[in-house]
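1. Here's my sequence, what's the structure:
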Amino acid sequence: MNVNNTISNNNNGLVDTQLQAESNEPLSNEEAGAIEEASTPRVLFVDDEPPVLNAMRRFSRGKPWQAITANNGYDALKLFADNKIDIVVSDMRMPEMNGDVLLAKIKQQYPYTIRILLTGHADLKSLENAINYAGIYNYINKPWDDNMLAEVINGAIRFQGSERERKRLEDLTRKQNRQLGRLALSLDKTVKERTIEIEQALTLLKMTHERSKKSFNDALGVVTHLLDWTEGRANNHCRFVSEFSDKVARHLKLSDDDIELTQQAGLLHDIGLMALPEALRKKPVYDMTDDELESYQQHPLVAEMVLAAAPGLESVAKIVKQHHERLDGSGFPEGLYAKDILKISRIITVVAEYHDLYHGLLIPQCLGQNDAKKYIQKNAGLAYDPYVVEAFFSIVNEQAAQKIERFKASVAQLKVGMLLDEDLHAANQLLLLTEGTVITQSIIDRLLSYQHKFKCKFELMVKESE
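-> You can find the predicted model right below:
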């Protein structure tokens, strides 16, 4: 079968809502114990045809799982009493109990078991029930391709391992955040209420850090979306800072490692703001009271402590801590002078403050490109690194001269390499693709499949790649 018919949690932005909802629910003690690591995952194959079960046993030889079989739904449920079953692969059409009914029962009784359905093209209604009521992880069309089935099962095993790791990391992060509270930072009591948001963001980052760089960057994009949303910003501040800081770093010929750190720190520089009350996050700096300003100026310290707790982000934590420092010592939280401020932090300072000035968040009566540019250039050499300022405005001016117009396109009009210029949502407001996504053939195929299955049409705001 074609991979575009699957509904698994791949990193292209198309999300299985039922699975996502389940993964966000807290596990009971019974469930947590049930998903403890096993030496070899068990995969249960359910089909009423003995030749099919024999084929599944042969298919499983040499694979990294143990195969067990059942020839009907009732026998399958009985096996759960004496076996820890990680994954169920069930046929749809079976006598007495169809696959969608069986998987719905397994979801209710054993929600930690991942559910996969084998189905024919004529079973669309049953497939819809399996998605809505059984919360299946994936489905495979019959006749199946062995390589595709192996890929789906291995993906399910990796996903279940990630869930175990997520639970462990949540427990670890809660302990670290209790230690953070002992430092007696002068933050509003809302810090406690926001802790869970930071935990979720860190869990997502750490879980993907051990995967490919692409997966890690996809996770950063999700966290960026969360940051922009919780700050009440509709102007994609974090994405802007990451994109232009990256361009400045390349212009200044920083090393590849430093360029990667610049990208990541640009996306995460405002994560400490999540610890502030919502009203304070949305308030212009010049309108803050003295107490509010004192709380606001602690957010780089909060960000450092939170990021430093995630293995692999220690260097990013140091950069983020300094992104409000200024060359003349007038910055915060430590009032560092030029020689003590990291080069990447200087870059992020210029780009982030330009963007906030542009949107009227820092200085009264300062709004728009001209005002922001004048303020930054006036303070170059005092507050801001003059070499960074020169490089940044060189890039801004060049991009303004080569502005790329955006336009609406149907899925049929999409071309590989286009850039999505606006978040794409389904009719139920589920986020499908985030702004800045590069259109690939896989994404086009999936959108076409989605439109066909759910009888809908998408129009996407896109632009040609630069």
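
2. Every contact and neighbour count from this point should use C-alpha atoms.
-> Fine.

3. where in the stretch 151-300 of the chain is pLDDT low?
-> The stretch 151-300 of the chain contains residues with pLDDT under 70 at 176-235.

4. ranges for the helices of the stretch 1-150 of the chain?
-> Using DSSP state H, counting those that start in this stretch, the helices of the stretch 1-150 of the chain run over 17-24, 29-34, 50-60, 73-79, 99-109, 124-133, 146-181.

5. quick one: contacts of the fifth one?
-> To tie it back to what came earlier, the one meant is helix 99-109. Contacts made with helix 99-109 from outside it, assessed by CA atoms under 8 Å, 6 or more residues apart in numbering, are listed as 73, 77, 90-93, 113, 115, 117, 126-127, 129-130, 133-136.

6. Whichever strand or helix holds Q263: which residues count as buried?
-> When secondary structure is defined by DSSP states H and E, Q263 falls within helix 256-268. By neighbour count, with 16 or more other CA atoms under 10 Å as the criterion, the buried positions of helix 256-268 are D258, I259, L261, T262, Q263, Q264, A265, G266, L267, L268.

7. Hmm, T113 and G135 touching each other?
-> No. In this structure, G135 sits apart from T113 without contact. The criterion is CA atoms under 8 Å, and the distance is 10.8 Å.

8. Those two - which one has more neighbours?
-> Set side by side, G135 and T113 show more neighbours around G135, with 26 against 21, by other CA atoms under 10 Å.

9. quick one: the more buried one from L117, how far?
-> The span separating G135 from L117 equals 10 Å under the rule CA to CA, to the nearest Å.

10. out of everything not next to it in sequence, what's closest to V388?
-> For V388, ignoring the flanking residues on the chain, the nearest one in space by CA to CA, 6 or more residues apart in numbering is I347 at 6.0 Å.

11. Please report how far that neighbour lies from H269.
-> Taking CA to CA as the criterion, I347 is separated from H269 by 12 Å.

12. Compare those two (neighbour count), which wins?
-> More neighbours surround H269 than the other of I347 and H269, with 31 against 26 (other CA under 10 Å).

13. The closest residue to the more buried one other than its chain neighbours: which element?
-> Counting by CA to CA, 6+ apart, H269 lies nearest to V320, which is 5.0 Å off, once chain neighbours are set aside. Taking DSSP H and E as the criterion, the element that holds V320 is helix 314-321.

14. can you tell me the average pLDDT over that helix?
-> For helix 314-321, the per-residue pLDDT values average out at 93.

15. what does it contact?
-> Counting by CA under 8 Å, 6+ apart, the neighbours of helix 314-321 from elsewhere in the structure are 261, 264-265, 268-270, 300-301, 303-308, 333, 342, 344-345.

16. Quick one: buried ones out of those residues?
-> Buried by 16+ other CA under 10 Å: 261, 264-265, 268-270, 300-301, 303-308, 333, 344-345, out of these.

17. need the contact list for F240.
-> With contacts taken as CA under 8 Å, 6+ apart, F240 has the following neighbours: H355.

18. swap the cut-off to 7 Å and go again
-> When contacts are counted by CA atoms under 7 Å, 6 or more residues apart in numbering, F240 touches no other residue.

19. quick one: secondary structure of it?
-> For F240, the secondary structure call by DSSP: H, G, I helix; E, B strand; the rest coil comes out as helix.

20. switch to numbering from 47
-> From this message on, residue numbering opens at 47, which makes the last subject F286.

21. Quickly note the distance from it to D402.
-> For F286, the distance to D402 under the criterion CA to CA works out to 11 Å.

22. Confirm for me that A429 is in contact with D374.
-> Yes. Judged on CA atoms under 7 Å, A429 makes contact with D374 at a distance of 5.6 Å.

23. So those two - more neighbours on which side?
-> Here A429 and D374 are set side by side on neighbour count (other CA under 10 Å), and the busier one is A429, at 22 against 14.

24. Quick check, pLDDT for the more buried one.
-> At A429, the pLDDT value in this model is 94.

25. Check the one 5 residues further on too.
-> Confidence at V434, expressed as pLDDT, is 96.

26. So it belongs to a helix, correct?
-> Yes. Under three-state DSSP, V434 sits within a helix.

27. Now for it, how many residues are close by?
-> If we define neighbours as other CA under 10 Å, then V434 has 25 of them.

28. which stretches of the stretch 397-512 of the chain have low pLDDT?
-> Residue ranges of the stretch 397-512 of the chain with pLDDT under 70: 446-453, 511-512.

29. Now stretch 117-124 - C-alpha only, CSV.
-> These are the backbone C-alpha positions of stretch 117-124, laid out as CSV (Å, rounded to 0.1, in the frame of the first residue of the first chain):
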residue,chain,number,x,y,z
ASN,A,117,-8.4,-16.3,15.4
ASN,A,118,-11.2,-14.2,16.8
GLY,A,119,-11.9,-11.2,19.0
TYR,A,120,-13.0,-13.1,22.1
ASP,A,121,-9.8,-15.2,22.1
ALA,A,122,-7.8,-12.1,21.6
LEU,A,123,-9.3,-10.5,24.7
LYS,A,124,-8.6,-13.6,26.8
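
30. Give me the mean pLDDT for that stretch.
-> For stretch 117-124, mean pLDDT rounds to 92.

31. mind listing what's buried in that stretch?
-> Buried residues in stretch 117-124, defined by neighbour count with 16+ other CA under 10 Å: N117, N118, G119, A122, L123.

32. and S376, what does it touch?
-> For S376, the set of contacting residues under the criterion of CA under 7 Å, 6+ apart is empty.
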